[in-house]
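Asker: coordinates only, sequence not included:
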Ligand code: ADP
C-alpha cells in the first residue's frame with residue numbers, strides 16, 4: 001500500500017510518499033509560500049533534489065503540483081496517481097470528538113469545521129488541504145490524524161481549568177494538548193528499543209523544538225501534558241511565552257492599549273527565548289550568543305532548561321514515579337548541552353546522565369548511566385510514519 005502523507009500549514013504543504021509494505025519513504029518535499037509571490041516546491045527522491053519556482057496561488061494548485069512531480073518522468077517515483085492508495089492528513093485540533101485517527105467523511109468534515117474555532121490558525125489550512133486532495137483525488141480514502149487525539153485519555157483532574165464549569169460544557173475550554181502524534185510515536189519507539197511493553201512503562205517525553213511540550217505517559221496512556229487549550233501553554237518556547245499568570249494579559253493589554261490580536265502576536269511571536277534574549281528563537285544561535293557572553297541569551301536558556309526540569313519533576317509526581325525520560329524534536333534530538341543542562345539536578349529522581357553517551361545527535365540512543373534507575377533516551381520523532389501507519393490501518397479495515 002502506498003500512502004501520501006500531507007501536512008498543510010496556512011502557506012505551506014509538506015508531503016511524504018510512503019510505501020507501507022516496508023515503510024520506505026519513496027519521496028518527500030515541501031511547497032512553500034503558497035499564495036505569495038515567490039512560491040516554490042522542493043522535491044527530494046532517491047538522494048536527489050529538485051526545486052521548482054512557479055506561481056502556486058492556492059493549496060489545490062499545490063496538491064496538483066505535488067502529484068505532477070510524484071508522477072513525473074524524470075523525478076517521479078510512481079507511474080500514475082492511481083498508485084496512491086490513501087492520503088493521511090495531519091490535523092492539529094480534533095477537540096473532544098476525536099480520540100483516535102479517523103476516515104474522513106462528510107460528517108467528520110463538519111466536526112472538523114467546528115473544531116476550527118478552537119484552532120483558528122491551524123485547522124482551516126488542514127481543512128483546505130483535505131478538500132484539495134478530495135477534489136484532485138476523488139475516490140481515494142482520506143484519513144485525519146489529530147495532534148490532540150493521544151491526549152484524550154487525560155483524566156478530568158488534569159484537563160480541567162479552575163474556571164466556571166460552564167466554560168467547559170458550553171465553550172469547550174479545557175486542556176487538549178498537542179504534539180500527540182509525536183508523543184505517541186516516541187512512547188512506542190522507546191518501549192521497542194528497551195524491549196519492554198509500553199503498558200509497563202511510565203514515560204516522560206520531552207518534545208523540544210520550536211514549539212515544546214512534555215507528556216506524562218503512564219502504561220501507554222497520556223495522563224498529563226504541558227500544552228493546554230492552545231499550543232501557547234507550557235514551557236517557554238522559541239517565540240511563545242508558555243505559562244504565565246493570566247492576569248498579566250489584562251495588565252499588559254490595558255497599559256499598552258493592545259487589541260486581542262496584538263496581544264496574541266506578542267505572546268505567540270515575540271515572546272519565549274526570542275523575547276527574553278532579543279537574539280533569536282533558534283537554540284543554536286542562543287547557545288553561540290551565550291558562549292560569547294550574552295547574558296540575556298544565557299538567561300533565556302536557563303529559563304528553558306529550568307522549566308523543562310520542573311515539569312519533569314511535576315510529571316514524575318503525577319505518575320507516582322518515572323521509568324524513562326525521552327528527548328525528541330530539534331532541540332531534544334540535537335541539543336547535547338541543552339539535555340545536559342535539563343538533566344542537571346535530576347539525580348534525586350534516580351536519573352543520571354552519562355556525558356559520553358549524551359554526546360549524540362539525531363538517533364535512538366541511551367544517554368543515562370548504567371546505574372541510573374530512571375533511563376534516559378534520545379528518540380528522533382517521526383510523525384509522518386505514525387500518520388502513514390494509522391492511514392494504512394484504517395483504510396485496510398474498510
Ligand atoms: P518545529 O517545532 O518547528 O518542528 P524543530 O523540532 O525542527 O521545530 O526544532 C527546531 C529547533 O531545534 C531550533 O530551535 C533549532 O535551533 C534546534 N536545533 C537544531 N539543531 C540543534 C543543535 N545542534 N543544538 C541545539 N538546538 C538545535
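Answerer: Great, that's in hand. Everything quoted here is computed from the prediction, not taken from an experiment. Numbers count the residues shown, from 1 in each chain.
Asker: Can you report how many residues neighbour the closest residue to residue 236 other than its chain neighbours?
Answerer: Leaving aside its sequence neighbours, residue 236 sits nearest to residue 242 (Cβ to Cβ, 6 or more residues apart in numbering; 4.5 Å). (Glycine included, C-beta is placed from N, CA and C.) Residues near residue 242, counting by other Cβ atoms under 10 Å, number 21.
Asker: what do you get for the one 5 residues further on?
Answerer: Residue 247 is flanked by 8 other residues according to other Cβ under 10 Å.
Asker: Which neighbouring elements make contact with the host helix or strand of it?
Answerer: For residue 247, the host element (DSSP states H and E) is helix 246-256. Other elements packing on helix 246-256 under the criterion 3 or more Cβ pairs under 8 Å, 6 or more residues apart in numbering; DSSP states H and E are helix 260-269.
Asker: And the helix it packs on, what's buried?
Answerer: Counting neighbours by 16 or more other Cβ atoms under 10 Å, one finds that the buried residues in helix 260-269 are 264, 266-268.
Asker: helices or strands up against that helix?
Answerer: helix 246-256.
Asker: For the helix it packs on, what is the distance to the chain centroid?
Answerer: Mean-position distance between helix 246-256 and its chain equals 29 Å (Cα atoms, centre = their mean, to the nearest Å).
Asker: Tell me who's in contact with the residue in the stretch 51-200 of the chain that the ligand sits nearest to.
Answerer: At 8.5 Å from the ligand, residue 179 is the closest residue in the stretch 51-200 of the chain, using Cβ to the nearest ligand atom. With contact set as Cβ atoms under 8 Å, 6 or more residues apart in numbering, residue 179 has these partners: 147, 207, 211, 213, 215, 227, 329.
Asker: residue closest to the middle of this protein?
Answerer: residue 179 (3.5 Å; Cα atoms, centre = their mean).
Asker: coming back round to it: check contacts around the residue nearest to residue 236.
Answerer: The contact partners of residue 242, taken as Cβ under 8 Å, 6+ apart, are 226, 232-236, 272, 307.
Asker: how about 10 Å then?
Answerer: 212-213, 226-228, 232-236, 267, 271-272, 303-304, 307 (Cβ atoms under 10 Å, 6 or more residues apart in numbering).
Asker: number of nearby residues for the residue of the stretch 201-350 of the chain found nearest the ligand?
Answerer: Among the residues of the stretch 201-350 of the chain, residue 330 lies nearest to the ligand; the distance is 2.0 Å by Cβ to the nearest ligand atom. When counting by other Cβ under 10 Å, one arrives at 20 neighbours for residue 330.
Asker: What sits closest to it if chain neighbours are left out?
Answerer: residue 209 (4.2 Å).
Asker: check contacts around that neighbour.
Answerer: Going by Cβ under 10 Å, 6+ apart, residue 209 touches 179, 182, 237-238, 283, 328-335, 381.
Asker: That one and residue 183: what is the separation?
Answerer: Taking Cβ to Cβ, to the nearest Å as the measure, residue 209 falls 13 Å from residue 183.
Asker: Give me the common contacts of these two.
Answerer: Going by Cβ under 10 Å, 6+ apart, residues that sit against residue 209 and also against residue 183 are 328, 381.
Asker: Which per-residue confidence value corresponds to residue 121?
Answerer: With respect to pLDDT, residue 121 has a value of 80.
Asker: Could you identify the buried members of the contacts of residue 209?
Answerer: 179, 182, 237-238, 283, 328-335, 381.
Asker: Narrow those residues to those in helices?
Answerer: Of the buried ones among the contacts of residue 209, the ones assigned to helices by DSSP state H are 182, 283, 329-334.
Asker: out of the contacts of residue 179, which are inside strands?
Answerer: If you go by DSSP state E, the contacts of residue 179 have 207, 213, 215 in strands.
Asker: List the residues that contact the last one.
Answerer: Read that as residue 215. For residue 215, the contacting residues are 150-151, 154, 177-180, 182-184, 186-187, 203-207, 222-227, 311, 315, 326, by Cβ under 10 Å, 6+ apart.
Asker: hmm, try it at 8 Å
Answerer: 150-151, 177, 179-180, 183, 203-205, 207, 222, 224-226, 315 are the contacts of residue 215 under Cβ under 8 Å, 6+ apart.
Asker: Tell me where the protein has strands.
Answerer: Counting by DSSP E, the strands of the chain are 2-8, 13-19, 24-32, 40-45, 48-53, 86-91, 102-103, 142-146, 202-208, 212-218, 221-225, 324-328, 365-366, 375-378.
Asker: So for the third one, mean pLDDT?
Answerer: The average pLDDT within strand 24-32 is 97.
Asker: tell me which residues in that strand are buried?
Answerer: Across strand 24-32, burial judged by 16+ other Cβ under 10 Å covers 25-32.
Asker: Same question for stretch 151-167.
Answerer: Those would be 151-152, 154, 158-159, for stretch 151-167 by 16+ other Cβ under 10 Å.
Asker: and of the residues you listed, the nearest to residue 352?
Answerer: Compare each of these with residue 352 using Cβ to Cβ and the shortest gap goes to residue 158, at 28.5 Å.
Asker: Around the closest residue to the closest one other than its chain neighbours, how many other residues sit close by?
Answerer: In space, and not counting its chain neighbours, residue 158 is closest to residue 224: 4.5 Å by Cβ to Cβ, 6+ apart. Using other Cβ under 10 Å, residue 224 has 23 other residues around it.
Asker: How about residue 138?
Answerer: Using other Cβ under 10 Å, residue 138 has 7 other residues around it.
Asker: Look up how far residue 251 lies from it.
Answerer: To residue 251, residue 138 is 53 Å away according to Cβ to Cβ.
Asker: And the residue nearest to residue 330, how far from residue 50?
Answerer: Distance from residue 209 to residue 50, by Cβ to Cβ: 27 Å.
Asker: Same question for residue 178.
Answerer: 32 Å.
Asker: Which one's more surrounded, those two?
Answerer: residue 178 (29 against 14).
Asker: quick one: contacts for that one?
Answerer: Residue 178 is in contact with 92, 147-148, 151, 211, 213, 225, 227, 231, counting by Cβ under 8 Å, 6+ apart.
Asker: next one: residue 303
Answerer: 236, 273, 276.
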